[in-house]
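Student: show me how the following folds:
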Amino acid sequence: MSVTLVWVGDAPLDLAAHEAAVAGPRAGAVVSFQGVVRDHDHGRGVTLLEYEGHPSAEAVLREVAAEIAADPDVYAVAVSHRIGTLAIGDVALVAAVSTAHRAAAFAACGRLVDEAKARLPIWKRQVFTDGAEEWVNCP
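Tutor: Numbers count the residues shown, from 1 in each chain. As a prediction, the model looks like this:
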């Protein structure tokens, strides 16, 4: 029903702000997700990630959020993706969804994250502990 927050940028992301953006008196469930930079990928140590986004990234993220918000069970959607260099433990993606009941909120938040990852024109460079690097999700 409502997209309350969509953002792509290089500042740290705030989970509590996303949860507050979707909360309301009708919401019996607020489900949120944080995608956090981990120190490994497929058995290799990772030292940092760098995300680069196409200029259309925020518009695409807004489209994804609007599609999830169109679900009649969903009250509000908030989602953001960070770009730039991120260290281990930094948050790359935050999503929050509110609904009347928990099952619908979990399902909608899962769809939101899956669609954002599938469609967002943001590419990731992983730097490994051995000095090697790899670009992921590049066209």
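
Student: per-residue confidence for the nearest residue to residue 73 once chain neighbours are set aside?
Tutor: Excluding its sequence neighbours, the residue lying closest to residue 73 (Cβ to Cβ, 6 or more residues apart in numbering) is residue 104, at 4.1 Å. No exception for glycine: its C-beta is placed from N, CA and C like everyone else's. With respect to pLDDT, residue 104 has a value of 98.

Student: likewise for residue 136?
Tutor: 87.

Student: regarding residue 109, what is its secondary structure?
Tutor: Secondary structure, DSSP: H, G, I helix; E, B strand; the rest coil: residue 109 is helix.

Student: any idea how many residues pack against it?
Tutor: Number of residues near residue 109 (other Cβ atoms under 10 Å) recorded here: 25.

Student: quick one: it and residue 76, what's the gap?
Tutor: 11 Å (Cβ to Cβ, to the nearest Å).

Student: is the residue nearest the centre of the chain bridged to anything, and to what?
Tutor: Nearest to the geometric centre of the chain sits residue 93, at 3.1 Å (Cα atoms, centre = their mean). For residue 93, the beta-bridge assignment (DSSP bridges) gives partners residue 35, residue 81.

Student: need the residues touching each of residue 109 and residue 76.
Tutor: Common neighbours of residue 109 and residue 76, counting by Cβ atoms under 8 Å, 6 or more residues apart in numbering, are residue 97.

Student: list the contacts of residue 88.
Tutor: 37, 38, 39, 46, 47, 48.

Student: what's the answer for residue 31, then?
Tutor: Counted by Cβ under 8 Å, 6+ apart, residue 31 has contacts 96, 97, 98, 102, 105, 106, 108, 109.

Student: the second one bridge partners, please.
Tutor: Just to be clear, that refers to residue 97. residue 31, residue 77.

Student: renumber starting at 48 from here on
Tutor: Let's use 48 as the start, then, which means that last one is residue 144.

Student: that one: neighbour count?
Tutor: Residues near residue 144, counting by other Cβ under 10 Å: 34.

Student: that one contacts residue 160, doesn't it?
Tutor: No - contact criterion Cβ atoms under 8 Å: residue 144 and residue 160 do not qualify, at 9.7 Å.

Student: tell me where this structure has strands.
Tutor: 50-56, 76-83, 87-88, 91-100, 121-129, 131-134, 138-146, 169-175, 180-183 (DSSP state E).
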